[in-house]
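[1] Pasted the sequence and its predicted model underneath.
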Amino acid sequence: QKEVEQNSGPLSVPEGAIASLNCTYSDRGSQSFFWYRQYSGKSPELIMSIYSNGDKEDGRFTAQLNKASQYVSLLIRDSQPSDSATYLCAVNVEDSGYSTLTFGKGTMLLVSP
Amino acid sequence: DVKVTQSSRYLVKRTGEKVFLECVQDMDHENMFWYRQDPGLGLRLIYFSYDVKMKEKGDIPEGYSVSREKKERFSLILESASTNQTSMYLCASNSGRAYNEQFFGPGTRLTVL
């Protein structure tokens, strides 16, 4: 069973701080990695994708990937109360010729004003 | 923008009823997916389809079936609903090319009484 692990949180940060969310995965063959944001009662929304080692920046978000350590992270700079949500890490898995995503259970982020 | 729609946001059914959940995507995506999401268990893949009339079991297919008669439409069927199928059901799709990012519909909150 391919696994994706995240701390459940909640991770509490003050407004304006950097929030750091972490994820580890078990399948060394995974090539694509995604972060989704999910507000309470809503569906997951894709916010970042990363495919190669290193950092990828998009606005206040930075995704970091280290395939050797099987580790992917999401940094949110200048955190805002509107960033309060659950963040899901997803990793692609190849099985029997099909590609699916395995999701972590999510980390809840709380940003206090 | 990718648009994935689901037939109902909220649905209440009785034990033993046959339940149809429908999902439509407008981006000509090859692949479509059905998940359920439960507190503490995260997103779990029920079934997916990579082509019209094709289907593959996910991690928890028991008690469910699917139908894909047209490329844009993927239906999840609960043959005889049970209380343990009360959940949030999420449909997603992707192009099947390159990087495998999935886009989600708004979800259906199903309650089985």
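    Good, I have the coordinates. Predicted model, so just to flag it, every value in this text is computed and none were measured. Numbering: from 1, shown residues only, chains lettered A, B, ... in the order given.
[2] Pull the number of nearby residues for the closest residue to chain B within chain A.
    Taking Cβ to the nearest Cβ as the measure, chain A has residue A:105 as its residue closest to chain B, at 3.8 Å. Bear in mind the C-beta positions are built from the backbone N, C-alpha and C, glycine included. By other Cβ atoms under 10 Å in any protein chain shown, 18 other residues sit near residue A:105.
[3] Which residues does the helix or strand of chain A with the lowest mean pLDDT contact?
    Sorting the helices and strands of chain A by mean pLDDT, DSSP states H and E puts strand A:98-103 at the bottom, at a mean of 91. Residues from elsewhere that reach strand A:98-103 (Cβ atoms under 8 Å, 6 or more residues apart in numbering or on different chains): A:2-4, A:25, A:27, A:34, A:36, A:88-93, B:33, B:42-43, B:45, B:48, B:50, B:56, B:58, B:96, B:100, B:102.
[4] Return the subset of these lying in strands.
    A:4, A:25, A:34, A:36, A:88-93, B:33, B:42-43, B:45, B:48, B:56 (DSSP state E).
[5] hmm, which two among those residues are most spread apart?
    With Cβ to Cβ as the measure, no two of these lie farther apart than A:89 and B:56, at 23.1 Å.
[6] So for those two, which residue has more residues nearby?
    For residue A:89 versus residue B:56, neighbours defined as other Cβ under 10 Å are more numerous around residue A:89 (27 against 18).
[7] where does chain A come near chain B, residue by residue?
    A:32, A:34, A:36, A:42-46, A:49, A:51, A:88, A:90, A:92, A:98-101, A:103-106 (Cβ under 8 Å from any Cβ of the partner chain).
[8] Can you turn the buried subset of the residues you listed into a selection I can paste into ChimeraX?
    Here is the ChimeraX command that selects the buried residues among the residues of chain A next to chain B (16 or more other Cβ atoms under 10 Å in any protein chain shown):
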select /A:32,34,36,43,44,46,49,51,88,90,92,99,100,101,103,104,105,106
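[9] Let me know the distance separating the residue in chain B positioned nearest to chain A from residue B:101.
    For chain B and chain A, the shortest gap (Cβ to the nearest Cβ) falls at residue B:42, measuring 3.8 Å. Distance from residue B:42 to residue B:101, counting by Cβ to Cβ, to the nearest Å: 18 Å.
[10] Over to residue A:110?
    Residue A:110 is 27 Å from residue B:101, by Cβ to Cβ.
[11] how many neighbours does residue A:71 have?
    14.
[12] who does it bridge with?
    Applying DSSP bridges to residue A:71 yields these beta-bridge partners: residue A:24, residue A:66.
[13] If anything else comes up later, I'll come back, but that's it for now.
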